[in-house]
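Asker: Any chance you could fold what I've pasted below:
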Amino acid sequence: MNRSILPITVFAVILVFLALAGCAGVGKQLDPPRISLANIQVQEVTGLETAFQIQLRVFNANDVDLNVKGIKAELEINGQPFATGVSNTPVEIPSYGTELVTITVYSSVNKMFKSIYGLKDSEELKYRLNGKLRVSANNMLPTTLPFESEGQVTLKPSKDQP
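Answerer: Residues are numbered from 1 along each chain as shown. So this is what the prediction gives:
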């Protein structure tokens, strides 16, 4: 009789542990970070590709620190895909704090030409940045947080500048 109770007991214990583990991941959802483009610099130019180093300002509006394990970013300029990159450099963003995250993104000559075509007729450069952060926070399981940001840069010098 003891042998028939043993499998049921083991199954019940495993079921309880699985239920508790599932509840640990459930609870407060993380708010996606707000991200803005802080800087962009040409890093390397080759025959058919250009590498840019972009700095992203990451705002953490959560009440827990975010440990960034990886980031993927795509940059559009004037509505055209411009550059894509990833980084696996770990960064910790404090609760209700900000950090700069540096990523190398790559653009082909073709994408660059399509993005800046017609720029001479425009006084503004419009950009759109989107991607995903792979993060973990406290004892939570790693999760992916999407982000999206838009902005513009005025190309025409102000009247105050000579």
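Asker: Let me see the residues that make contact with stretch 62-71.
Answerer: Stretch 62-71 is contacted by residues 30-31, 33, 56, 58, 60, 86-88, 90-96, 101, 103, 131-138, 140, 142 when judged by C-beta atoms under 8 Å, 6 or more residues apart in numbering. In short, each C-beta sits where N, CA and C put it, glycine included.
Asker: Report the buried members of those residues.
Answerer: By neighbour count, with 16 or more other C-beta atoms under 10 Å, these hold 30, 33, 56, 58, 60, 87, 91, 93, 101, 103, 131-137, 140 as buried.
Asker: Can you classify G47 as helix, strand or coil?
Answerer: Recorded secondary structure, G47: coil (DSSP: H, G, I helix; E, B strand; the rest coil).
Asker: mind checking how far it is from V109?
Answerer: Distance, G47 to V109, by C-beta to C-beta, to the nearest Å: 8 Å.
Asker: Name the residue in the two with the higher neighbour count.
Answerer: For G47 versus V109, neighbours defined as other C-beta atoms under 10 Å are more numerous around V109 (13 against 5).
Asker: Could you report the pLDDT at A12?
Answerer: Confidence at A12, expressed as pLDDT, is 62.
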